[in-house]
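*Asks:* Sequence first, predicted coordinates after that:
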Amino acid sequence: MHSMNTLTPAERRDLKARAHALNPVLMISEAGLSPSVLAEAERCLKSHELIKVRVFSGDRDNRDLLLQELCLRTGAQPVQHIGKVLVIYRKKPEADTPKRKPPVRKPRRMAADEAPKRGYSRSFGESARRPTLHGAAAPRRTGRKTTGGR
């Protein structure tokens, strides 16, 4: 991010795009920013970074002031204000971000009807006990039956 208090236009555009599919996770009633609302905003920002807030106040100027105060008290940055929906963002500290390990890949099991890879014998009859010959030691098959005569 650019700095702690401001977002660049490109960062704001990316955050707006990310927020588009989100549902509001915090509702603020006519009572405004109570201690319980601030505590819930803190929890939401800690787990999500980017949140939508629905405000049930009818006055746009009050919602603007509410957005500024919410950002000031939580350390978040305003991203968007459309109607009664506010979008705010606070980057998670690096220590809180869990490091994801790459997934451990398990060997893939072959289905019974799959063709075996070269060198493996998947039958369970007598041929499974005999070694298979590959490469130069294997007899060549021409595809013709050799019969005497003609």
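*Replies:* Everything's here; your move. What you are looking at is a predicted structure, and each value in this text was computed from that prediction instead of being measured.
*Asks:* From Lys92, how far out is the nearest residue to Glu40 once chain neighbours are set aside?
*Replies:* The shortest distance from Glu40 to any non-neighbouring residue, by CB to CB, 6 or more residues apart in numbering, is to Leu26 (5.9 Å). For every residue, glycine as well, the C-beta is placed using N, CA and C. Leu26 sits 17 Å away from Lys92, going by CB to CB, to the nearest Å.
*Asks:* Have a look at these two and say which one is more surrounded.
*Replies:* Ranked by neighbour count (other CB atoms under 10 Å), Leu26 and Lys92 place Leu26 first, with 19 against 13.
*Asks:* and that one, what does it touch?
*Replies:* Shown in contact with Leu26 (CB atoms under 8 Å, 6 or more residues apart in numbering): Val37, Glu40, Ala41, Cys44, Ile51, Lys52, Val53, Arg54.
*Asks:* The fifth one contacts Glu42, correct?
*Replies:* It refers to Ile51. No: if you go by CB atoms under 8 Å, Ile51 and Glu42 don't touch, sitting 10.7 Å apart.
*Asks:* ok so, going back, buried ones from the contacts of Leu26, can you make that a PyMOL selection?
*Replies:* A single PyMOL command selects the buried members of the contacts of Leu26 (16 or more other CB atoms under 10 Å):
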select buried, resi 37+40+41+44+51+52+53
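*Asks:* Give me the below-cutoff pLDDT ranges for this structure.
*Replies:* Residues of the chain meeting the criterion pLDDT under 70: 1-5, 95-99, 110, 112-150.
*Asks:* Which stretches in it count as helices?
*Replies:* In the chain, the helices defined using DSSP state H lie at 9-19, 35-48, 60-74.
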